[in-house]
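K.L.:
Sequence below, structure please.
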Amino acid sequence: MSVSASTLGVQTGRSRVQSHLTAPVLILLAIGLLAVALAFAVSLPVPNAVGVASDLRITADLVDRHADAMTADANQLAVPARATTGANRDLWIATAQHMASDAASLQAMAQRLRASAAILGDEPTYRANANPVSLSAQASLLRADGQAAVDHGRLMVDQAAFMTVIAAKPGSTITTQDAALMASDATRILDAGQRTLALTARLETGADQLRRGLGR
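P.N.:
Here you go, the predicted structure:
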């Protein structure tokens with residue numbers, strides 16, 4: 001059965017109209033899907049970065065408590081150190097001052113932890129706060145603090161062991177309780193440093209994953 005030329009012309013015209021109508025719809029649909037995909041990508045949490053700001057503040061509070069305890073220990077050690085007239089008087093006074101100085105260093109460390117938390121923000125998924133450069137910069141600062149605390153804490157462990165030996169000698173003006181104070185403060189400094197390094201590792205991991213995600 002043959003089809004007239006006029007019929008073919010009508011069908012061809014309809015196909016063209018349908019084609020012209022369908023193309024904008026497909027374009028709009030593609031744009032809509034792209035917008036949804038982008039919105040979803042932006043809303044995704046930064047890997048290993050969610051909650052870091054909150055954890056930084058929690059760690060800062062703990063470090064402050066360590067600092068307060070060390071200040072009290074320094075004052076407790078300073079009283080008998082100043083009262084003694086032995087040959088080691090100046091050494092033990094210096095030890096008490098050292099503990100007070102360490103407490104001040106921990107307080108400064110806590111302030112830097114809070115400053116990093118403020119920079120990162122409570123919602124680190126925002127691009128303004130959560131980007132590889134920002135995370136890496138904060139990680140570098142915190143790593144320096146954390147490693148310094150760990151290294152110093154280990155030195156204090158050795159110092160506490162030395163004090164324990166001295167305290168065991170007859171006539172020593174330093175008691176085993178004094179040595180125990182130094183040992184407990186060494187533990188506090190180590191704890192502060194190790195916690196800070198753990199947070200640093202989370203920031204560095206998040207920065208690396210963001211770089212890969214952004215192709216940088």
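K.L.:
Find the nearest non-adjacent residue to residue 114, please.
P.N.:
Of all residues not flanking residue 114 in the chain, residue 60 sits nearest, at 4.8 Å (CB to CB, 6 or more residues apart in numbering). Using the backbone N, CA and C atoms, a C-beta is placed for each residue, glycine as well.
K.L.:
Determine the set of other helices and strands touching the helix or strand containing that neighbour.
P.N.:
Element membership of residue 60 [criterion: DSSP states H and E] is helix 52-83. The contact analysis (3 or more CB pairs under 8 Å, 6 or more residues apart in numbering; DSSP states H and E) places helix 52-83 against helix 89-120, helix 176-214.
K.L.:
Give me the angle between the first one and helix 176-214.
P.N.:
Same thing as helix 89-120. Computed with axes from the mean of the first three to the mean of the last three CA atoms, to 10 degrees, the direction of helix 89-120 lies at 20 degrees from that of helix 176-214.
K.L.:
what about the chain, any weak spots by pLDDT?
P.N.:
Across the chain, residues meeting the criterion (pLDDT under 70) sit at 1-50, 122-130, 214-216.
K.L.:
Recalculate using a threshold of 80.
P.N.:
In the predicted model of the chain, residues 1-52, 80-81, 84-89, 120-132, 134, 171-174, 206, 209-216 satisfy pLDDT under 80.
K.L.:
ok, residue 167 to residue 95 distance?
P.N.:
When distance is defined by CB to CB, to the nearest Å, residue 167 is 12 Å away from residue 95.
K.L.:
Let me fix that, I meant to ask about residue 186.
P.N.:
From residue 186 over to residue 95 (counting by CB to CB), the distance is 12 Å.
K.L.:
One more: residue 189?
P.N.:
Between residue 189 and residue 95 the distance is 15 Å, computed by CB to CB.
K.L.:
So for these two, which sits in the more crowded spot?
P.N.:
Set residue 189 next to residue 95 and count neighbours by other CB atoms under 10 Å: residue 189 wins out with 28 against 21.
K.L.:
which ones are touching the nearest residue to the more buried one once chain neighbours are set aside?
P.N.:
Counting by CB to CB, 6+ apart, residue 189 lies nearest to residue 153, which is 3.7 Å off, once chain neighbours are set aside. Listed by CB atoms under 8 Å, 6 or more residues apart in numbering, the contact partners of residue 153 are 186, 187, 188, 189, 190, 191, 192, 193.
K.L.:
ok, those vs residue 114, which is closest?
P.N.:
Proximity of the contacts of residue 153 to residue 114 was ranked by CB to CB; the top entry is residue 192 with 13.7 Å.
K.L.:
Tell me, how many residues neighbour that closest one?
P.N.:
Other residues near residue 192 number 29, with proximity taken as other CB under 10 Å.
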